[in-house]
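In: sequence? don't have it. structure:
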């Protein structure tokens, strides 16, 4: 937790990954983030993975450090409360993150009528409002066909919901950017971020659509080979698989030295009349000649012998390791200062991530757990909407709110 | 191009994907982004994919809408110019994005001595400064082992550099957040964003580390099956592969209706004493019983018959299609208003993405191409550093700058 956004109040009406990630990033930088949900939980409230008692480890991970308000969104009065929260007054507020449909009770025009300078960031599937999620959009832009072993032509879905995550981070970026503008212009706006446009723009930004347009077809599948430079997985004598990457001339020369294959590689350069140091692309173009030299060198050496030399020479590599091994790795999880041990709403105690950024000049506050569903209903109705105790009691009695 | 960040000046000294993506996002929201590079180009200047003339489609995609300054960074005078640019005066400036090492000539403390309120966002590999790139970090957190067909235990690298992209978007978010704070506190800071911490925090945020900690091991590989709900690829009678996802009750009921399998699914629910509508997890737990019903239904129907009914019923699906097919899809590329036809530094004309966000209340300006390397050297030295024509000419003569 850092304080860069201290004093801001953001309301989140969202589910799954992109919107909640946006809210999480804002909360971890110090904004007060108020998430509202249906009384029984939103559509992501029981999403796997689950703790043994059925609590969602996913939900409590993505909603850390947020306040929780529970409303009956199936009834007009509950929906009106959601609208009033999204557009609540106060200079610190008027910031709303959602993945509710662009038309409907949380449409921008309805909220703008309540607060003219509202900033509404809306995560969408397809830009036209059609249903799309990370996995369906990913299939539609061709990534699964480029992924996986070259001896198998079945498309491979990613398991990391990369488009969702990128959309969430981009949503947080656009929200603070719009706030920066509002501070001088006084203007609010709706910002729509469809997963489909994030995916299309990203492939274009990396030159992949230009490549397909100029070449007539998308990039071929290359298995675990890094496209356009030198990189692949190799297996050591002891059977440890590692990912090795050499992009810069320094990395390339370093790895040849460590593996003791500078000589045969130089002979290959002479034979092929190419320069692997100066031109990373040649390392990719001739990888079928290079890889066997590396395979042999790795097969003759143990990782215990290689790792310290790799470190000393600045070789860029990583072990393939399962997450449970990574969790004991001090560079990733165990002892990593971005993590704090917390007891979560599931009742389980395990390390929780704070902000992924580190600001050496600032004090990092500990991560904060997710709230119990509806834990802050009364507090928020009183403080943000200025409701009296009697009004709040009536809403409870009528089953419009809970918590 | 939108104007949310108009008036800001950001200096970028970075390469590859994360830093340049950060700069690109800032530029597409209206900031003036000035990228400096070595005179012969940075380490990413010839990165694949390439146009036929050797120009990098990757470089010109990631550096759109930025100004370019070329300096000899191997010489002290060139390095000093880079420092002066990063820390140049002016209220609109003092914003620097880099992936140069945390120690060295672009260390924060050196730049802070030139400008006390500098905001420096530094993308890193490992948090300790060790060399790491997307693919080596990805192997180290276990994702490749969770990816790919269940009948093959080889790890599968992703081809989408998801950690780089997420880091870039998160960097843009933190830069604007720090600026919001600086506008009131007057304080600058360094913000370090290691890929390793982005990866570790992300897996934790989604509950995957909790799952591994509580269960003793990481999630098993599930092929193309969506974890914890209903989703997989299916093949139609005509051989078209589609990704189908049903998470909400509405999506689930919709797809059963379209495929005409509500009855056998109800029989299965009775047999297993479970409720697939209410509990998405049960759809995953019993997917081996459900999938054959779906496979048969798809094998008996053509996509031409299914697609309109899917659309009408709000079924969440996407075709698997190669990028060249996606590029003719009006919902993704052809006719998508986020794209503009541009002639790029490679000399090639092809559609370029603007901001992935759409702001209905604002006018979207057309995308802008990348600069020629060094195209703005003289302009930037004059306008940002206030140099005279004579000084600039001397730097050219000495080979310290080019363009």
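Out: Okay, I see it. Note that the structure is predicted; figures quoted are calculated from it, not measured. Residues are numbered from 1 along each chain as shown, chains lettered A, B, ... in the order given.
In: quick one: the strands in chain A?
Out: All strands of chain A, identified by DSSP state E, fall at A:9-13, A:32-38, A:66-71, A:95-98, A:119-124, A:189-194, A:230-235, A:241-246, A:316-319, A:339-343, A:349-353, A:401-402.
In: what's in contact with the shortest one?
Out: Counting by CB atoms under 8 Å, 6 or more residues apart in numbering or on different chains, strand A:401-402 makes contact with A:39, A:69-72, A:78, A:81, A:374, A:377, A:381, A:392, A:395-396, all of which sit outside it. (Each C-beta comes from the backbone N, C-alpha and C, glycine too.)
In: I'd like the distance between the residue nearest to residue A:125 when sequence neighbours are not counted and residue A:271.
Out: Nearest non-adjacent residue to residue A:125, counting by CB to CB, 6 or more residues apart in numbering or on different chains: residue A:132, 3.1 Å away. Using CB to CB, to the nearest Å, we find residue A:132 at a distance of 50 Å from residue A:271.
In: Likewise for residue A:280?
Out: The gap separating residue A:280 from residue A:271 is 19 Å, by CB to CB.
In: between the two, which one's more packed in?
Out: When residue A:280 and residue A:271 are compared on other CB atoms under 10 Å in any protein chain shown, the one with more neighbours turns out to be residue A:280, at 25 against 10.
In: check contacts around that one.
Out: For residue A:280, the contacting residues are A:228-230, A:246-247, A:252, B:46-47, by CB under 8 Å, 6+ apart.
In: Can I get those in TSV including distance to residue B:54 and neighbour count?
Out: Conversion of the contacts of residue A:280 to TSV gives the following (distance: CB to CB, whole Å; neighbours: other CB atoms under 10 Å in any protein chain shown):
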residue	distance to residue B:54	neighbour count
A:228	13	22
A:229	15	24
A:230	19	24
A:246	21	23
A:247	18	22
A:252	19	21
B:46	7	20
B:47	11	25
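In: Where helices are concerned, which of those count?
Out: With helices taken from DSSP state H, the overlap with the contacts of residue A:280 comprises residue A:252.
In: Looking at the contacts of residue A:280, which has the smallest pLDDT value?
Out: Looking at these by pLDDT, the weakest one is residue A:247, with 92.
In: I'd guessed that one sits against residue A:316; true?
Out: Yes - counting by CB atoms under 8 Å, residue A:247 touches residue A:316, with 7.4 Å between them.
In: Now do the shared contacts for the two.
Out: By CB under 8 Å, 6+ apart, residue A:247 and residue A:316 have these common neighbours: residue B:133.
In: For the contacts of strand A:401-402, I'd like a selection string for PyMOL - just the buried members, please.
Out: Applying 16 or more other CB atoms under 10 Å in any protein chain shown to those, the buried members can be selected in PyMOL as follows:
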select buried, chain A and resi 39+69+70+71+72+78+81+374+377+381+392+395
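In: I'd like the contacts of strand A:401-402 as TSV, with pLDDT and distance to residue A:97 appended.
Out: Listed next are these as TSV, based on pLDDT from 0 to 100; distance: CB to CB, whole Å:
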residue	pLDDT	distance to residue A:97
A:39	98	21
A:69	98	14
A:70	98	18
A:71	98	16
A:72	98	21
A:78	98	19
A:81	98	17
A:374	98	19
A:377	98	19
A:381	98	20
A:392	98	25
A:395	98	24
A:396	98	26
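In: Between the contacts of strand A:401-402, which sits nearest chain B?
Out: Relative to chain B, the closest of the contacts of strand A:401-402 is residue A:39; by CB to the nearest CB it sits at 15.5 Å.
In: quick one: stretch A:334-343 near chain B?
Out: Yes - Stretch A:334-343 comes into contact with chain B (CB under 8 Å from any CB of the partner chain), by way of A:336, A:338-339.
In: I misspoke; the intended subject was stretch A:89-103.
Out: No - using CB under 8 Å from any CB, stretch A:89-103 never reaches chain B; the gap is at least 9.1 Å.
In: Distance from that stretch to the middle of the chain?
Out: How far stretch A:89-103 lies from its chain's middle: 21 Å, per CA atoms, centre = their mean, to the nearest Å.
In: Skip the chain neighbours and tell me the closest residue to the residue of the stretch 201-350 of chain A found nearest chain B.
Out: As assessed by CB to the nearest CB, chain B sits closest to residue A:228 within the stretch 201-350 of chain A, at 2.6 Å. Distances taken as CB to CB, 6+ apart put residue B:48 closest to residue A:228, at 2.6 Å, once the chain neighbours are dropped.
In: Please apply the same query to residue A:54.
Out: Spatial nearest neighbour of residue A:54, excluding adjacent residues (CB to CB, 6+ apart): residue A:46 at 7.1 Å.
In: again with residue A:219
Out: Excluding the flanking residues, the one nearest residue A:219 by CB to CB, 6+ apart is residue A:146, at 5.6 Å.
In: So the one you found is in contact with residue B:157, correct?
Out: No - in this structure, residue A:146 is not within contact of residue B:157 by CB under 8 Å, at 10.9 Å.
In: Report the contact partners of the residue lying closest to residue A:149 once chain neighbours are set aside.
Out: Leaving out its chain neighbours, the residue that sits closest to residue A:149 by CB to CB, 6+ apart is residue A:223, at 5.1 Å. When contacts are counted by CB under 8 Å, 6+ apart, residue A:223 touches A:148-150, A:232, B:157.
In: Which residue is it, in the stretch 1-150 of chain A, that comes closest to chain B?
Out: Taking CB to the nearest CB, the stretch 1-150 of chain A has residue A:48 as its residue nearest chain B, at 2.6 Å.
In: Residue A:294: neighbour count?
Out: 20.
In: and it, how far is that from residue A:225?
Out: The value you get for residue A:294 to residue A:225, if CB to CB is used, is 12 Å.
In: joint contacts of these two?
Out: Shared contacts of residue A:294 and residue A:225 (CB under 8 Å, 6+ apart): residue A:232.
In: circling back: which single one of the contacts of residue A:280 is nearest to residue B:4?
Out: residue B:47 (29.4 Å; CB to CB).
In: Nearest residue to the closest one in space, please, no chain neighbours.
Out: Once flanking residues are discounted, residue B:47 sits nearest to residue B:58: 4.6 Å by CB to CB, 6+ apart.
In: How about residue A:378?
Out: Of all residues not flanking residue A:378 in the chain, residue A:392 sits nearest, at 5.4 Å (CB to CB, 6+ apart).
In: Would you check how far apart the one you found and residue A:115 are?
Out: Distance of residue A:392 to residue A:115, computed by CB to CB: 22 Å.
In: before we move on, what about residue A:283?
Out: Taken as CB to CB, the span from residue A:283 to residue A:115 is 56 Å.
In: swap in residue A:4?
Out: Distance of residue A:4 to residue A:115, given as CB to CB: 24 Å.
In: Ok, residue A:316 next?
Out: Taking CB to CB as the measure, residue A:316 falls 50 Å from residue A:115.
In: pLDDT (mean, whole number) over stretch A:174-186?
Out: For stretch A:174-186, the mean per-residue pLDDT is 98.
In: Can you list the neighbours in contact with that stretch?
Out: Contacts for stretch A:174-186 (CB under 8 Å, 6+ apart): A:5, A:8, A:10, A:22, A:26, A:94-95, A:97, A:117, A:119, A:121, A:187-189, A:191, A:193, B:3-6, B:29, B:173, B:176-177, B:179-180, B:183, B:357.
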